[in-house]
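Visitor: Sequence below, structure please.
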Amino acid sequence: MSIKGIMRKYKKISIVIPVYNEEKYFEKNLRRVLKANTIGLEKEIIIVDDYSTDNTRRIIKKIKLSKNIQYYFKDKNEGKGAAIKLGIRKSSGDILLIQDSDLEYNPKDYPSLIKPILEGKTDVVYGSRTLGISKFGNKYSSFFYYIGGRLLTLFMNVLYGISLTDQPTGYKVFTKNVLPLLVNSSRYNDFSYEIEVTAKLAKNKISIFEVPISYNPRSVKEGKKINIMDFVKSIFVGFKYKFN
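Guide: Residues are numbered from 1 along each chain as shown. Here you go, the predicted model:
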């Protein structure tokens, strides 16, 4: 199929933004998403608040709803994975992109993330911070986070016979063809949901295309939420999916 034919096939992109206690960064992040270039695709923004306890909900309620923007408030905190799955179920786009609610990931990278799908190369794209080190000069908030991400990626590569450079990346993009796989029979609601997604893709022989992205890390003091126990649970989930 020609690139023009593929463009006609994909008309809308759903951008799912899971959010929890991000009053400092959410509004600026949303403005960047609204301005982002989606290469001619209609933009649908789905915000899922995972029971924030700061002013995040108040900020979200000020947003004017439209056919392109919708938001949902969960009645209890379940985790990033649960928020993403709700966003997927509410989406109507031909392509779905997961966008973190802070400022670590820049929507200016959308064209690079979307293009491989529009060119018919893949159904899944991961944005790689590791590939972006040489291109954008990416740094990490600490050596601990850098090593943790690399070890988790190596673990999944060896276990599933894949060749990723950045498995824990927050930028993951999918065509609607693979979305049922991401929500049906899903067992995890926290950060380990992202390992579950990669494991499901690998077991179903769905290839993952990586592109370099820019990265602006924040520290725990600035609100970073992932920790060592998330790493440990991710290892457990990776093993469980491999041998179950």
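
Visitor: for this protein, which spans come out with low pLDDT?
Guide: For the chain, residues meeting the criterion pLDDT under 70 lie at 1-8, 219-224.

Visitor: so how far is the longest helix along it off the chain centroid?
Guide: Longest helix in the chain by number of residues, with DSSP state H as the criterion: helix 143-160. Distance of helix 143-160 from its chain centroid, counting by C-alpha atoms, centre = their mean, to the nearest Å, is 17 Å.

Visitor: Direction included, what does whatever helix or strand comes next after that helix pair up with?
Guide: As assigned by DSSP states H and E, the chain's next helix or strand after helix 143-160 is strand 172-175. Paired with strand 172-175 in the same sheet, following DSSP bridges, are strand 95-98 (antiparallel), strand 124-128 (antiparallel).

Visitor: Could you point out which of these sits nearest residue 150?
Guide: In terms of C-beta to C-beta, the element of these nearest to residue 150 is strand 124-128, at 11.5 Å. C-betas here are computed from N, CA, C, even on glycine.

Visitor: Buried ones in the closest one, by neighbour count?
Guide: 124-128 (16 or more other C-beta atoms under 10 Å).

Visitor: Outside of that strand itself, list whatever touches it.
Guide: Strand 124-128 has contacts (C-beta atoms under 8 Å, 6 or more residues apart in numbering) with 105, 109, 112-114, 116-117, 164-167, 169-175, 178, 201, 206-213.

Visitor: Of these, grab the buried ones for PyMOL.
Guide: Filtering those down to the buried ones (16+ other C-beta under 10 Å) takes a single PyMOL command:
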select buried, resi 105+109+112+113+114+116+117+164+165+166+167+169+170+171+172+173+174+175+178+201+208+209+210+211+212+213
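
Visitor: Could you find the closest non-adjacent residue to the spatially most central residue of the chain?
Guide: The centroid of the chain falls nearest to residue 98 when counting by C-alpha atoms, centre = their mean (3.4 Å). Residue nearest to residue 98 in three dimensions, not counting chain neighbours: residue 172, with 5.0 Å by C-beta to C-beta, 6 or more residues apart in numbering.

Visitor: you'd agree that neighbour is up against residue 194?
Guide: Yes. Residue 172 is in contact with residue 194 according to C-beta atoms under 8 Å; the separation is 7.5 Å.

Visitor: returning to that earlier point: quick one: the longest helix of the chain to strand 124-128, angle?
Guide: Here the directions of helix 143-160 and strand 124-128 differ by 150 degrees (axes from the mean of the first three to the mean of the last three C-alpha atoms, to 10 degrees).

Visitor: Mind listing what's buried along helix 143-160?
Guide: By neighbour count on 16+ other C-beta under 10 Å, the buried set for helix 143-160 is 145-146, 148-150, 152-153, 155-156, 159-160.

Visitor: Show me what that helix is packed against.
Guide: helix 193-203, helix 228-243 (3 or more C-beta pairs under 8 Å, 6 or more residues apart in numbering; DSSP states H and E).

Visitor: Would you tell me which one of the ones you listed is buried the most?
Guide: Most buried of these, by mean neighbour count (mean count of other C-beta atoms under 10 Å): helix 193-203, with a mean of 22.

Visitor: who's in contact with that helix?
Guide: For helix 193-203, contacts defined as C-beta under 8 Å, 6+ apart pick out 79-82, 84-85, 124, 152, 156, 160-162, 164, 167-168, 172, 178, 181-182, 186-188, 208, 234, 237-238, 241-242.
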